[in-house]
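A.B. asks: starting from these lines, generate the structure:
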Amino acid sequence: MLRSLLVAAMPPLILLTSACGVFEADATPTSAPAPSATRGPATPTPFPTFTPTPTLGAGSAIVVGGEVRTRVAPTTQSAEAGKLDDLAPVQIGATVQGENVLVGSQRWVSTSPPWASAWYQLQDGRFIYAPFVFILQPGEVSPLADPMGQEKWIDVNVATQTASAMIGGRPVYTALVSTGSPDFPSPLGSHTIQEDGRLAVERMTSSQAGYNPAQASYDVERVLFTQYYDRSGDALHMNYWRPPGVFGRTATSHGCVGMQMHEAQYFWVFAAPGMRVEIHG
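C.D. replies: As a prediction, this is how the structure comes out:
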């Protein structure tokens, strides 16, 4: 159902084994990419003169996750009211409650965040599902800020359960996360966001990941803002099925780096294929 928010004309999907679940790629490559070569940690670059470029101001709202369809009512069952391009600015008139697209009919979900039923009514009257709109918060550096020639990369610390968006040697944004549990630890070392590994909408299942029921059993639909950083299926992604209290405190995943919605949106806009991801304890 959530894919009905996106462009209808999409190429066939391919499925690759994933540690967190199914790796659904929206573009079909002619052949599977070779595993990325392992790179050692880069020496942090001094960054004494960095001044964030205000490409987004506090309170500015943009479309995130690709081209989306707007609706005449806050539900995917209503008629289409037009489309908005990825990163297009939007003017929000009101926040309303509507269809909970993420959870849908998944009865196993024990907690549902309030934003999962939130829709924005734009000033022109159209409705857009809230998770597909990123709003820069006061005090945040824009994820589109000019890095001024410095490397943009991601630092994940499993000891502190945090992930930082880095420009040179400076963290410009830090999120509380939930990394791999002791039984399924997140892989330490240097990784790279895969060229075909950024998926705005994903489904993750234990069977497709190669787990038998004694190891793990899950089937999670509509995982947003997934960014695979290795060919084993480990990824940064939004996690809506865990309570807020686990983030920054408890490692709960099957190797992935789970985030709350705003944080996952931020890293989606900040990152790109080929970006370095360092994971350490």
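A.B. asks: burial check on Arg203, number of neighbours?
C.D. replies: Burial of Arg203, expressed as a neighbour count using other Cβ atoms under 10 Å, amounts to 20. Quick note: C-beta positions are derived from backbone N, CA and C, even for glycine.
A.B. asks: after the helix or strand containing it, next one along is what?
C.D. replies: Assigned by DSSP states H and E, Arg203 falls within strand 198-205. Later in the chain than strand 198-205, the nearest helix or strand by DSSP H and E is strand 219-228.
A.B. asks: give me the secondary structure label for Ala116.
C.D. replies: Here Ala116 is recorded as helix under DSSP: H, G, I helix; E, B strand; the rest coil.
A.B. asks: now do the residue lying closest to Gln194 once chain neighbours are set aside against Thr76, distance only.
C.D. replies: With sequence-adjacent residues excluded and distances taken as Cβ to Cβ, 6 or more residues apart in numbering, Gln194 is closest to Tyr228, at 4.8 Å. For Tyr228, the distance to Thr76 under the criterion Cβ to Cβ, to the nearest Å works out to 26 Å.
A.B. asks: and the two? Which one has more around it.
C.D. replies: With neighbours defined as other Cβ under 10 Å, Tyr228 and Thr76 compare such that Tyr228 has more, 30 against 18.
A.B. asks: my guess is that one meets Gly197, correct?
C.D. replies: Yes: between Tyr228 and Gly197 a contact is recorded at 3.3 Å, counting by Cβ atoms under 8 Å.
A.B. asks: helices of the protein, start to end?
C.D. replies: When assigned using DSSP state H, the helices of the chain occupy the ranges 261-270.
A.B. asks: follow-up on the earlier one: okay, now the sheet partners of the strand holding Arg203, with direction.
C.D. replies: When pairing is defined by DSSP bridges, strand 198-205 lines up against strand 219-228 (antiparallel).
A.B. asks: sketch out the low-pLDDT regions of the chain for me.
C.D. replies: Flagging of the chain using pLDDT under 70 yields the residue ranges 1-54, 205-219.
A.B. asks: how near is the residue nearest the centre of the chain to Cys256?
C.D. replies: The centre of the chain sits closest to Phe225, judged by Cα atoms, centre = their mean, with a distance of 2.5 Å. According to Cβ to Cβ, Phe225 stands 12 Å off from Cys256.
A.B. asks: quick check: neighbours shared by those two?
C.D. replies: Listed contacts common to Phe225 and Cys256 are 236-237; contacts here mean Cβ atoms under 8 Å, 6 or more residues apart in numbering.
A.B. asks: Ser181 reaches Cys256, doesn't it?
C.D. replies: No: at 10.5 Å, Ser181 does not count as touching Cys256 under the criterion of Cβ under 8 Å.
A.B. asks: returning to that earlier point: relative to helix 261-270, how tilted is the strand holding Arg203?
C.D. replies: Relative orientation of strand 198-205 versus helix 261-270 (axes from the mean of the first three to the mean of the last three Cα atoms, to 10 degrees): 130 degrees.
A.B. asks: return strand 198-205 as PDB; C-alpha atoms alone will do.
C.D. replies: Listed in PDB are the C-alpha atoms of strand 198-205, where the atom choice follows Å, rounded to 0.1, in the frame of the first residue of the first chain:
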ATOM      1  CA  ARG A 198      19.500   2.900  -0.900                       C
ATOM      2  CA  LEU A 199      15.800   1.900  -0.700                       C
ATOM      3  CA  ALA A 200      13.100   4.300   0.500                       C
ATOM      4  CA  VAL A 201      10.700   1.500   1.200                       C
ATOM      5  CA  GLU A 202      11.800  -2.000   2.200                       C
ATOM      6  CA  ARG A 203      10.500  -5.300   3.500                       C
ATOM      7  CA  MET A 204      12.700  -7.300   5.900                       C
ATOM      8  CA  THR A 205      12.100 -11.000   6.700                       C
END
